[in-house]
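> Need a 3D model of the following:
(chains A and B)
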Amino acid sequence: MNQKLKKLLVNWRILLLVTFLVLSLLAIKPQIFGTEGVEIHSLRSNSSLAEAGLAIPAKVQPTSRERILSVDGMETLTVEDYYSAVSQLGGNRTVQVETTKQTYTFMTPESADGNIDLGIKVKQASTSNLRMGLDLEGGTRVLLQPAGEISKEDLETTVDSLKERLNVYGLRDIVVRSASDLEGNDFILIEIAGVTEDEIQELLAKQGKFEAKIENQTVFLGGEKDITYVCRSADCSGIDPRFGCAPFEGGYHCRFAFQITLSPEAAQRHAEITKNLKTVSEAGSCYLSEDLALYLDDVEVDRLRVGCELKGSSTTDIQISGSGTGVTQADAVNDALKNMKKLQTVLLTGSLPVKLDIVKIDTISPSLGKEFLHNVMLVGALALVAVSGVVLYRYRKVVIIFPMVLVMLSELVLILGFAALAKWNLDLASIAGLIVVVGTGMNHFIVITDETLRKEAESLDWNSRIKNALFIIMGAYVINLGSLVPLFWAGAGLLKGFALTTIVGMSVGVLVARPAYAAIVKILLEE
Amino acid sequence: MFQKIKHIYETKYKLLMIIPLLLLILSLVQIGAKYATTGDFVNKGISLKGGSTVTIPKDLSISPAELEESLQQQFPAADLSVRTLSSAGKTTGLAIDSGLQDSTEIDVLVDALSEQFALQKADYSVEVVGSSLGNNFFKQMLIALVFSFLLMGIMVIIYFRVFITSLMVILAAFCDIVITLAIFNLTGMKLHPAGIAAFLMLIGYSVDGEVVISSRLIKRNDGTELQRIYGALRTGWTMTQTTLVAVIVALIFVQSEIVKQIMLILLIGLLVDTVVTWIQNVGILRWHLEKKHSKN
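Residues are numbered from 1 along each chain as shown, chains lettered A, B, ... in the order given. I've put the predicted structure just below:
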């Protein structure tokens, strides 16, 4: 017995599976001991917390996301805790919000009715790095089709600007990607978890309005009509050489600037609006008394001082500037450049290259999603018990059941690990893929068991028996791959999740898990 | 009785191949007739045809027939139908399918429902598909399927180096899909895109069985031909059994209508595949081996 255990522990196929398992678990990072605080789900860009320095970086693994631990000293363990704490704040006072990263201190906005909105939405903290897709968490999926022909470049620009636009609203877990079907029709697929259909329709309808105002009068709008050129090359855009970077509140602060060219009409409007403004002197520089405020869909995103030399001027070349901050100087430079790119995109794409039609909208209610997930897990467990029963009845060997179930479960963990690493959103189609993988996995365990235990094979040595089994499994695998590849492109990529999960699952199954099962069976049953 | 069947199975395998052939012909007739009368191969669901589904995961204490009647009176042009969602024999909610695609029209329907049953926004979900996508989607799935078959056939030839196995694997996958589709049509259910995924899943399950039989019959020479056939069938039957119990368990307990449809298609497909594998594939391979032996 001891010898068998030793053999199990040093077999390279088993060690390979164990290594992959450990790596998968590290990728999934299940929070078995629970997590503190509530996760920040969305952040409005002009909110008090955003101004205090809170940001939502894209592409952060769910368990590493910033979580709010307390609001004004009140612990926030649940979403209800958070909203009840916020409701007790009151307007116009200094508040501290403690997160897993730092403590933010800021003034709450004034409020007539006593209701304070910090501009963020929170949700229960993620319990692992698995991203639940719409079907499992609730949210909205929209399929957009460009009206008329569109070039690949225009499609990519549209996707980029939609991303930028949606990111301005600080929403997390947005998938925006281009998709095409077998006939060459192009689509844009947007998936936003935790957002309702109304909200997303509002976002899509709203997107496209950039305004620059002085004293509430519009100077120019985003898009080709008012802005004829936006410089994006290094000679007229980048970190502003006149200010550069400077230490600021324990970190660094950098200013960026870039040139834009206004149309003569917009320049004329600028002259009209600024000619009657007063001038003020600040720190040795002369500015106009009113700022140029930049609005994106009626939300103020930045406020620029206007130099005195521009008073009443109908110049078409103007410089837009802004800033970024960070803990180190390099961070601050990156932040400034990121903000610059955002602003440039907004100015450039005041109108998207094409009109987009909504072809399909799916909304999944969050309660439905959660219920579905629990139900699927329950059904999976029941099916496992039933299948184990059949196998036990057929082989009458308990010693086979344990490795079979263990290896099958480890196949699931491997796929989920890959999903966490590749930042997939698990959806209904992926679950269908998981069912196929587990089903064919079971088939292959049976093939391995039969090939090694059947009477006709008794004359063969163990290595040939396993070789025979792996020949069958490999054959089924390559043939299945052939049938799955065309699905990648079918139906505007809506079945991509299915094809991808099945291919990845079958691959790790056939290359890692199933050979390990063969090795275990050999060691346990070999006389 | 059993001995008699066994005797027929072992000696009259060519004659037995009439059974799957007949099934295939009948299925093609069913699908053809369906196409001739309705213009479609299959009852397309809302997601394929265009329209919307409002799902309410709550027991509304009204029978679906009553609700359907009252809604049809309110929205006579909407081609409405109401289904119950159930799990383990218990009603868990209602789904209302309709041809409505315009969001303002759907809003009217949802408002009427909300008013009648005092629903909150989080209590229901709405799925809308434009019909243009529906039509294209179906056509593309068919194209994808043709490519799948071709690639599969090429892989089989590369792997086994025997043309007849390639033909057998493709024919089996084709029969599985066509016969299952015809039986699915007879149930009167409407097809969801995920149901198409189920037809594709059938390919995966059927390939496993086909490869076992081909490997044992063509690549091995232990025991007699019949012994190898029975060995392969034993393995194949165990594989089918495990999948069957898992599918049946899921069919009983799963709540999602979509997953339920996947499971139903898999169930029909597995039973069809058993006939196709045991009679048609074994028959083709034995015929092939017989010819090969008589040549030698």
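> shaky segments in the stretch 51-200 of chain A?
The stretch 51-200 of chain A contains residues with pLDDT under 70 at A:58-59, A:112-114, A:164-173, A:181-184, A:194-200.
> how about a cut-off of 90?
Counting by pLDDT under 90, the ranges of the stretch 51-200 of chain A that qualify are A:51-97, A:99-200.
> Check the stretch 101-250 of chain B too.
If you take pLDDT under 90 as the line, the stretch 101-250 of chain B has these spans: B:101-153, B:155-170, B:188-234, B:250.
> Apart from its chain neighbours, what residue comes closest to the residue positioned nearest the centre of chain B?
What sits nearest the mean C-alpha location of chain B, by CA atoms, centre = their mean, is B:Ile265, with 3.3 Å. Of all residues not flanking B:Ile265 in the chain, B:Ala198 sits nearest, at 3.9 Å (CB to CB, 6 or more residues apart in numbering or on different chains). All C-beta spots, glycine's among them, are computed from the backbone N, C-alpha and C.
> Give me the next element, helix or strand, following the helix or strand where B:Ile252 lies.
Applying DSSP states H and E as the criterion places B:Ile252 in helix B:225-253. Later in the chain than helix B:225-253, the nearest helix or strand by DSSP H and E is helix B:257-275.
> buried ones in that next one?
For helix B:257-275, burial by neighbour count (16 or more other CB atoms under 10 Å in any protein chain shown) applies to B:257-270, B:272-275.
> Please enumerate the strands of chain B.
Here chain B has its strands, by DSSP state E, at B:51-56, B:81-87, B:90-98, B:125-129.
> Compute the inter-axis angle for the helix holding B:Ile252 and helix B:257-275.
Calculated by axes from the mean of the first three to the mean of the last three CA atoms, to 10 degrees, helix B:225-253 forms an angle of 160 degrees with helix B:257-275.
> Helix B:225-253 vs chain A: in contact?
Yes: Helix B:225-253 is in contact with chain A by CB under 8 Å from any CB of the partner chain, via B:227-228, B:231, B:234-235, B:238-239, B:241-243, B:245-246, B:248-250, B:253.
> by contact count, what packs against that helix?
Here helix B:225-253 touches helix A:366-395, helix A:428-453, helix B:193-214, helix B:257-275, helix B:282-295, going by 3 or more CB pairs under 8 Å, 6 or more residues apart in numbering or on different chains; DSSP states H and E.
> Would you mind giving these as JSON lines with distance to A:Ala419 added?
Output for the helices and strands packed on helix B:225-253, formatted as JSON lines (distance: least, CB to CB, whole Å):
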{"stretch": "helix A:366-395", "distance to A:Ala419": "14"}
{"stretch": "helix A:428-453", "distance to A:Ala419": "7"}
{"stretch": "helix B:193-214", "distance to A:Ala419": "18"}
{"stretch": "helix B:257-275", "distance to A:Ala419": "19"}
{"stretch": "helix B:282-295", "distance to A:Ala419": "39"}
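> which one of those lies closest to B:Asp107?
Nearest to B:Asp107 among the helices and strands packed on helix B:225-253 is helix A:366-395; the distance by CB to CB comes to 19.5 Å.
> So which bits of the helix or strand just after that closest one are buried?
Per DSSP H and E, helix A:366-395 leads on to helix A:398-421 as the next helix or strand towards the C-terminus. Using 16+ other CB under 10 Å as the test for burial, helix A:398-421 gives A:400, A:403-405, A:407-408, A:410-420.
> Equivalent analysis for stretch B:215-225, please.
For stretch B:215-225, by 16+ other CB under 10 Å, it's B:Ser215, B:Arg216, B:Leu217, B:Ile218, B:Asp222, B:Gly223.
> same question, stretch A:383-394
Buried-residue list, stretch A:383-394, by 16+ other CB under 10 Å: A:Ala383, A:Leu384, A:Ala386, A:Val387, A:Ser388, A:Val390, A:Val391, A:Arg394.
> could you pick out which of those are near chain B?
Applying CB under 8 Å from any CB to the buried residues of stretch A:383-394, those adjacent to chain B are A:Ala383, A:Ala386, A:Val387, A:Val390, A:Val391, A:Arg394.
> SS state for A:Ser126?
coil (DSSP: H, G, I helix; E, B strand; the rest coil).
> before we move on, the earlier item: using TSV, please lay out the buried residues of stretch B:215-225 together with distance to A:Ser70.
As requested, the buried residues of stretch B:215-225 are exported to TSV (distance: CB to CB, whole Å):
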residue	distance to A:Ser70
B:Ser215	64
B:Arg216	67
B:Leu217	70
B:Ile218	70
B:Asp222	72
B:Gly223	73
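> I'd like to know how many residues surround A:Gly238.
Neighbours of A:Gly238 under the rule other CB atoms under 10 Å in any protein chain shown: 17.
> check contacts around residue 231.
Unless you meant another one, I'm taking chain A. A:Ser237, A:Phe258, A:Gln259, A:Ile260 (CB atoms under 8 Å, 6 or more residues apart in numbering or on different chains).
> wait, I meant chain B there
B:Gly231 sits next to A:Asp450, A:Arg454, A:Glu456, B:Arg216, B:Gly223 when contact means CB under 8 Å, 6+ apart.
> change it to 7 Å
The neighbourhood of B:Gly231, defined by CB atoms under 7 Å, 6 or more residues apart in numbering or on different chains, consists of A:Arg454, A:Glu456, B:Arg216.
> Can you tell me how far the closest residue to the first one other than its chain neighbours is from A:Val176?
So that's A:Arg454. Excluding the flanking residues, the one nearest A:Arg454 by CB to CB, 6+ apart is B:Gly231, at 5.7 Å. According to CB to CB, to the nearest Å, B:Gly231 stands 53 Å off from A:Val176.
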